[in-house]
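Visitor: Got a sequence here, can you build the structure:
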Amino acid sequence: MDITWYGLSCFRIRERGITVVCDPFEKKTVGLALPRIRADIVTVSHARPGHSHVRGIAGHPKVLTGPGEYEIREVFIFGLAGYHKVPAGQPRERNVAFFLDFDGLMVGHLGDLGELPPQSQLEDLGEVHILMVPVGGHRVLEPSRITDLIGFLEPRLVIPMHYRHPGLRPELANSLEPLERLLKELGVNEPERVASLRVSKSNLPEETQVVVLEPQAATAA
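Guide: The predicted structure is shown next:
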């Protein structure tokens with residue numbers, strides 16, 4: 001499996017000739033420009049332009065935006081409904097966390113998860129090997145609660161996303177917390193940093209490790 005992060009919450013996952021893109025973004029909102037990516041499947045955690053720019057993806061992909069169970073080209077996909085974190089009195093905004101099962105290798109993308117899913121739903125997922133977690137605060141779970149979720153699911157690899165990083169528009173970057181808050185919660189001083197990740201079920205670490213990917217989208221002009 002090859003995993004590439006383009007910035008914010010957008011990933012490309014390639015496995016067994018199938019390409020999945022999660023949460024594609026629009027450059028005028030995010031400040032980064034996605035390359036022209038061709039995909040078979042696109043998952044959209046919520047409808048904001050920083051997570052739902054499906055028109056920017058080539059290849060007439062199957063687009064998933066809601067909770068449920070799906071099977072597309074022998075990939076089993078589970079969408080768990082949840083919500084952003086919002087101040088009291090404001091309307092709730094739905095978020096869908098997607099879990100993709102590639103023949104026993106399970107990848108979870110939490111989107112802008114702001115509330116912990118019910119424990120029964122998490123138990124039904126079985127083993128999650130790779131987990132993409134939002135760590136920027138504001139509308140998502142604070143790092144201490146993300147750490148609790150990681151401890152419950154015990155993924156082999158944790159990939160942070162949706163935090164302040166270079167290339168984001170200033171107004172977006174200023175609304176996000178830096179990565180270091182999560183690393184401190186997890187007690188990680190020097191995480192592995194790579195441009196992209198190549199992994200198989202056979203070479204996963206025995207215990208949970210954090211891998212920090214470098215964003216591969218270009219800064220918008």
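
Visitor: Now do the contacts for Val107.
Guide: Val107 makes contact with 1, 3, 13, 99-100, 128-132 under the criterion C-beta atoms under 8 Å, 6 or more residues apart in numbering. Bear in mind the C-beta positions are built from the backbone N, C-alpha and C, glycine included.

Visitor: Secondary structure element for it, which one?
Guide: Under the assignment given by DSSP states H and E, the secondary-structure element containing Val107 is strand 105-109.

Visitor: Going by distance to Ile150, which of the contacts of Val107 wins?
Guide: Ile150 lies nearest to Leu131 out of the contacts of Val107, by C-beta to C-beta, at 6.8 Å.

Visitor: Could you please name the strands the host helix or strand of the closest one pairs with and the direction of each pair?
Guide: Element membership for Leu131 (DSSP H and E) is strand 130-134. Each strand that strand 130-134 pairs with, and the sense of that pairing, follows from DSSP bridges: strand 105-109 (parallel), strand 157-161 (parallel).

Visitor: a markdown table please, covering the ones you listed and showing distance to Phe25 and mean pLDDT.
Guide: As requested, the strands paired with strand 130-134 are exported to a markdown table (distance: least, C-beta to C-beta, whole Å; pLDDT from 0 to 100):
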| stretch | distance to Phe25 | mean pLDDT |
| --- | --- | --- |
| strand 105-109 | 14 | 97 |
| strand 157-161 | 11 | 96 |
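
Visitor: What about this structure, which residue is the most distant from its middle?
Guide: Of all residues in the chain, the one whose C-alpha sits farthest from the chain's mean C-alpha position, using C-alpha atoms, centre = their mean, is Gly89 at 27.5 Å.

Visitor: Am I right that that residue falls within a helix?
Guide: No - the secondary structure assignment for Gly89 gives coil rather than a helix, going by DSSP: H, G, I helix; E, B strand; the rest coil.
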